[in-house]
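Engineer: just the structure for this:
(chains A and B)
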There are 2 protein chains.
Amino acid sequence: MDIAILLFDQVTALDAVGPYEVLGRLPGARLTFVGERRGEVRTDLGSLALTVDATLEEVPRPDVIVVPGGIGQQRHMTDGPVHRWLRAADATSTVTTAVCTGSLILAAAGLLRGRRATSHWVRREDLAAHGAVPVAERVVTDGKYVTAAGVSAGIDMALTLVDRLAGRGAAEAIQCGIEYDPMPPFDAGSPDKVDPATVARLLTLKDLVF
Amino acid sequence: MDIAILLFDQVTALDAVGPYEVLGRLPGARLTFVGERRGEVRTDLGSLALTVDATLEEVPRPDVIVVPGGIGQQRHMTDGPVHRWLRAADATSTVTTAVCTGSLILAAAGLLRGRRATSHWVRREDLAAHGAVPVAERVVTDGKYVTAAGVSAGIDMALTLVDRLAGRGAAEAIQCGIEYDPMPPFDAGSPDKVDPATVARLLTLKDLVF
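Structural biologist: A predicted model of the protein is given here:
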């Protein structure tokens, strides 16, 4: 099983690394970080670089496609090498997935027309402009298309994928292995759980941060 | 505020990237990935490389120290450049922290003697050999020393740190920004929640995976 996680400049690191930490432990799977060019991409916060190990051409037919989001998503909303690779790879993939604003890239490439999908809460409604049906859930499955909410939701999505691809036992072993027994100190993980001023401030950062 | 996250070959990516995604959003903070040499380090699963942007010498007095774990931890259990940097940096740090088996490095450097601390559940009791007091909690605070359980626990720890360093409002804004409203598909995040065969299998992987 070939798993490809797309990278690009100004990707959000956890969008990609959450699914990596789960899917990279799937027995028998080969996981590759792909991008337009080999070498470093700088993530959106600026203080971390991740490495693209293979070009898009080198991994043309992955079984699992993962598209993360981040500010850099905005440069992949028109037709180009990333869209062409996504459409060609999607033709033979088992599952095509996205985390956070990565779903906007999938949608702009034409892959989510009429499909239920989600994204980071700040950008979720933007999916409709590309023919997808926005859904306010953490992980949304519509056929072989699986999308996750913002940033950290990729961990939950990836465990769902392991269950689908290798069964519940594998998913539970990986979850226990990465000790994913979350206990956030606050209950502030979605906009309906924090004060309106916080939400308003995050919305002003929309184009800078997500 | 200077935040330094240590990297080394065979680090577990999420141990470092979880805290990065939270602490990197702290207003006014400068976050740097440090290591013995600049350039790429390959993470433990082999399929991802992260970049060290500064040598240990270049960031001698960070306010916040984060030590991740991973298989590579085992090469940093004896005195050497990493231990010397940790001891010197700890002399002036505001908080000194570790995720997963990173706490074993801190302990081996002599910084957790008599301190309550935690680690990945597979390795937690090993802390006692280095004079620390193992505690089975997700995030353990003892004075300025804060340690987290395995891999994904670094996200919870980092939110705790933001609360401590910048207040609850900042922590909640960041939590909402990264949409950390976890909903794992299974309740399998700790060894008491999965079947004993899964635990036994994970324990046989102890030296390979954590």
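Engineer: only C-alpha atoms for contact and neighbour calcs from this point on.
Structural biologist: Fine.
Engineer: ok now the top helix by length along chain A, how far from the chain's centre?
Structural biologist: If you go by DSSP state H, chain A has its longest helix at helix A:153-166. Relative to its chain's centre, helix A:153-166 lies at 12 Å (CA atoms, centre = their mean, to the nearest Å).
Engineer: so that helix, near chain B or not?
Structural biologist: Yes: using CA under 8 Å from any CA of the partner chain, we find that helix A:153-166 touches chain B at A:Ala153, A:Ile155, A:Asp156, A:Leu159, A:Thr160.
Engineer: do you have the strands of chain A handy? List them.
Structural biologist: Here chain A has its strands, by DSSP state E, at A:2-6, A:30-35, A:39-42, A:49-52, A:54-55, A:64-67, A:95-99, A:116-117, A:133-134, A:139-142, A:145-148.
Engineer: can you list the weak-confidence ranges in chain A?
Structural biologist: Scanning chain A for pLDDT under 70 picks out the ranges A:206-210.
Engineer: is it possible to get CSV of the residues of helix A:153-166 next to chain B that adds distance to B:Thr94?
Structural biologist: Shown next, in CSV, are the residues of helix A:153-166 next to chain B (distance: CA to CA, whole Å):
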residue, distance to B:Thr94
A:Ala153, 31
A:Ile155, 30
A:Asp156, 33
A:Leu159, 36
A:Thr160, 39
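Engineer: want to throw those into JSON lines with neighbour count?
Structural biologist: Shown next, in JSON lines, are the residues of helix A:153-166 next to chain B (neighbours: other CA atoms under 10 Å in any protein chain shown):
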{"residue": "A:Ala153", "neighbour count": "28"}
{"residue": "A:Ile155", "neighbour count": "29"}
{"residue": "A:Asp156", "neighbour count": "23"}
{"residue": "A:Leu159", "neighbour count": "24"}
{"residue": "A:Thr160", "neighbour count": "20"}
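Engineer: from those, which single one is nearest chain B?
Structural biologist: Distance to chain B across the residues of helix A:153-166 next to chain B (CA to the nearest CA) is lowest for A:Asp156, with 5.0 Å.
Engineer: isn't the closest one up against B:Tyr180?
Structural biologist: No: taking contacts as CA atoms under 8 Å, A:Asp156 lies outside contact range of B:Tyr180: 10.5 Å.
Engineer: ok, back up a step: of all the strands of chain A, which one is nearest B:Trp85?
Structural biologist: Among the strands of chain A, strand A:49-52 comes nearest to B:Trp85, with 22.8 Å by CA to CA.
Engineer: picking that back up, list the contacts of the longest helix of chain A.
Structural biologist: Here helix A:153-166 makes contact (CA atoms under 8 Å, 6 or more residues apart in numbering or on different chains) with A:14-16, A:18-19, A:22-23, A:26, A:99-100, A:138-139, A:146-148, A:168-171, A:174-175, B:179-185.
Engineer: which of these count as buried?
Structural biologist: Among the contacts of helix A:153-166, those classed as buried by 16 or more other CA atoms under 10 Å in any protein chain shown are A:14-16, A:18-19, A:22-23, A:26, A:99-100, A:138-139, A:146-148, A:168, A:170-171, A:174-175, B:179-182, B:184-185.
Engineer: narrow those to those in helices?
Structural biologist: Per DSSP H, the subset of the buried ones among the contacts of helix A:153-166 in helices is A:Leu14, A:Asp15, A:Ala16, A:Gly18, A:Pro19, A:Val22, A:Leu23, A:Arg168, A:Ala170, A:Ala171, A:Ile174, A:Gln175.
Engineer: quick check, the first one in contact with B:Ala16.
Structural biologist: No: contact status for A:Leu14 versus B:Ala16: not in contact, 10.1 Å apart, counting by CA under 8 Å.
Engineer: count of neighbours near the nearest residue to A:Asp9 once chain neighbours are set aside?
Structural biologist: Distances taken as CA to CA, 6 or more residues apart in numbering or on different chains place A:Val41 nearest to A:Asp9, at 4.9 Å, with adjacent residues excluded. Neighbours of A:Val41 under the rule other CA atoms under 10 Å in any protein chain shown: 21.
Engineer: quickly list what A:Val41 is bridged to.
Structural biologist: Counting by DSSP bridges, A:Val41 is bridged to A:Leu50.
Engineer: isn't A:Leu7 right next to A:Gly35, touching?
Structural biologist: Yes: counting by CA under 8 Å, A:Leu7 does reach A:Gly35; the two are 5.2 Å apart.
Engineer: shared neighbours, the two?
Structural biologist: Jointly contacting A:Leu7 and A:Gly35 under the rule CA under 8 Å, 6+ apart are A:Val52.
Engineer: ok, A:Thr198 - contacts?
Structural biologist: B:Ala173.
Engineer: again with A:Glu179
Structural biologist: Applying CA under 8 Å, 6+ apart, we find A:Glu179 in contact with B:His120, B:Trp121, B:Ala149, B:Gly150, B:Val151, B:Ser152, B:Ala153, B:Gly189, B:Ser190.
Engineer: what's the spacing between it and A:Gly110?
Structural biologist: 37 Å (CA to CA, to the nearest Å).
Engineer: same check, this time on A:Leu205
Structural biologist: 27 Å.
Engineer: these two: which is more packed in?
Structural biologist: A side-by-side neighbour count of A:Leu205 and A:Gly110, using other CA under 10 Å, places A:Gly110 first with 17 against 12.
Engineer: my guess is the more buried one contacts A:Ala129. True?
Structural biologist: No: the pair A:Gly110 / A:Ala129 is not scored as a contact, 11.1 Å apart, by CA under 8 Å.
Engineer: now for the residue nearest the centre of chain A: which residues touch it?
Structural biologist: Residue closest to the average C-alpha location in chain A (CA atoms, centre = their mean): A:Val99, at 2.2 Å. By CA under 8 Å, 6+ apart, the residues touching A:Val99 are A:15-16, A:66-69, A:119, A:147-151, A:153-154.
Engineer: again with A:Gly169
Structural biologist: By CA under 8 Å, 6+ apart, A:Gly169 lies in contact with A:Asp163.
Engineer: repeat for A:Phe186
Structural biologist: A:Phe186 touches B:Glu172, counting by CA under 8 Å, 6+ apart.
Engineer: redo that, cut-off 10 Å
Structural biologist: A:Lys193, A:Val194, B:Asp156, B:Leu159, B:Thr160, B:Asp163, B:Arg168, B:Ala171, B:Glu172, B:Gln175, B:Tyr180, B:Asp181 (CA atoms under 10 Å, 6 or more residues apart in numbering or on different chains).
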